[in-house]
Structures are given as structure tokens and as C-alpha cells.
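Participant: I would like the atomic coordinates for the input below:
(chains A and B)
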Amino acid sequence: ETGVTQSPTHLIKTRGQQVTLRCSSQSGHNTVSWYQQALGQGPQFIFQYYREEENGRGNFPPRFSGLQFPNYSSELNVNALELDDSALYLCASSPSGGSQYFGPGTRLTVL
Amino acid sequence: AQRVTQPEKLLSVFKGAPVELKCNYSYSGSPELFWYVQYSRQRLQLLLRHISRESIKGFTADLNKGETSFHLKKPFAQEEDSAMYYCALHVYNQGGKLIFGQGTELSVKP
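Facilitator: Numbers count the residues shown, from 1 in each chain, chains lettered A, B, ... in the order given. Model (predicted):
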């Protein structure tokens, strides 16, 4: 069974640019959640997708957007990058109502 | 307000000593709580889910609704238990999000 995978591993962008992060969910999981983890902090919920629809959103501005595809993989898009967007971005997949399993994360640095 | 608090940023114990990692929560509904662990250079892994009442790697956690706590315990710490531990609250009415505490770094010395 393949676990949750994320790409890329690391990314460096400059302020004002746009970025797309990708996540492949674990086999059999139809729900994907995205989290932002700043240095020294616990992960913070960005949003969740269930069967290609946004199913809940945390306290993040609209420049954070996402997609889920028919195979349940997902993308996180961030527009107009700011320095504070530098963080580890985590994707987690789960079966409906089940426990969330995390990918290794994408480390984003905004200069 | 929905909140998870882990009061200790760092907990240092000697091998063989008992360990208790504290977690307190604030939630108006019926809570579902988890412990996640992150070993060095590894991904966040699910350690315990309170409703399953399992013991994983010798760790246990009991939900105390009166004290709104979900402390993680192990009677005899091992060096390989050194890691970052996160307590998380599952909130169903907002897309099933997890609210995490800030984490406690456990260091087990030989």
C-alpha cells in the first residue's frame, strides 16, 4: 500500500510569485486536508477536500486555493506569495470520517 | 473556542523513567483526540486515537472529560521514543479538521 506522497520536497520562490504544491492520497482515501506548519509550531488547517469539493476551510486568505481530482489527488495553490508563507506544507489523506495520514511535506521558502 | 494546549515545549527524561506528555483541550462538543509523533527526518505519524483505546509502542492515553485532558503516558521510556509529539483535536463540523497543539519535544537520555 502506497502512503501519501507530496511534491516537490523543497521549493524557493520570491515574494509576489505563485506556487502549486501537489499531493497524492493513500489508496482508498477520498478526503485530503492541507496544513501549514511554521517553524516551532503545530500544523494549522488550511482546507479539506472531499470528492472534489471543498469541505471546510481554516483561517487562511482566498489567495490559498485548492483542487481535488477524480483520483483524489490534490493541489494547493498560493498566489501573491508573502514572506510569512514560508513554512512546511503538509497534506493528509483519510477515508470518510477516518484518521488522517500525513505526507512528508513540502518545504516552501519565500525570499 | 476550540483549542489544544501542550504546556511543555521540551521534556527530558532518563531511559527507564516514566513519561507523561500533557495535553489539554477546549471544545464544546464530544471530543475526538489523537496523538501524532514525528521522529527525526520522518513524517508525522498517527500514534494513538482515543476511541480505539489501543496501546502503541507502550504508550497509552486516557480521555478525561472532567479535566479536559488527554495526557500521553509510558511507564518506561526508551531512547527511541525521542521525538516530537503532537496532540490533536478532530472537529467534525468544520470539514473534519484537526486542531494541533504546539508540540512537545521528548528527549530520552541514556
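Participant: for chain B, longest strand please?
Facilitator: Determined from DSSP state E, the single longest strand within chain B is strand B:83-91.
Participant: where in chain B is pLDDT low?
Facilitator: Residue ranges of chain B with pLDDT under 70: B:94-95.
Participant: What residues does it have near chain A?
Facilitator: Contact residues, chain B versus chain A (CB under 8 Å from any CB of the partner chain): B:4, B:34, B:36, B:43-46, B:49, B:86, B:88, B:94-103. All C-beta atoms are positioned from the backbone trio N, CA, C, and that covers glycine.
Participant: go with 7 Å
Facilitator: Counting by CB under 7 Å from any CB of the partner chain, the residues of chain B close to chain A are B:43-44, B:46, B:49, B:86, B:94-98, B:100-103.
Participant: Looking at chain A, what residue ends up closest to chain B?
Facilitator: Closest residue of chain A to chain B, CB to the nearest CB: A:G56 (1.5 Å).
Participant: partner residues bridging A:T5?
Facilitator: Beta bridges link A:T5 to A:S24 when assigned by DSSP bridges.
Participant: I'd like to know how far it sits from B:Q45.
Facilitator: To B:Q45, A:T5 is 15 Å away according to CB to CB, to the nearest Å.
Participant: B:V19 too?
Facilitator: The value you get for B:V19 to B:Q45, if CB to CB is used, is 17 Å.
Participant: which one of the two has more residues nearby?
Facilitator: Set side by side, B:V19 and B:Q45 show more neighbours around B:V19, with 19 against 14, by other CB atoms under 10 Å in any protein chain shown.
Participant: Lowest-scoring secondary structure element of chain A by mean pLDDT?
Facilitator: Least confident helix or strand, chain A: strand A:53-57 with a mean of 90, by mean pLDDT, DSSP states H and E.
Participant: And that one, what's buried?
Facilitator: Using 16 or more other CB atoms under 10 Å in any protein chain shown as the test for burial, strand A:53-57 gives A:55-57.
Participant: what residues are up against B:S52?
Facilitator: Contacts for B:S52 (CB atoms under 7 Å, 6 or more residues apart in numbering or on different chains) come out as none.
Participant: Those residues of chain A touching chain B, which are they?
Facilitator: Close to chain B, as judged by CB under 7 Å from any CB, chain A has residues A:33, A:41-43, A:45, A:48, A:55-56, A:58, A:90, A:99-105.
Participant: OK, contacts around A:Q18?
Facilitator: A:77-79, A:81.
Participant: Fine by me, we can end here.
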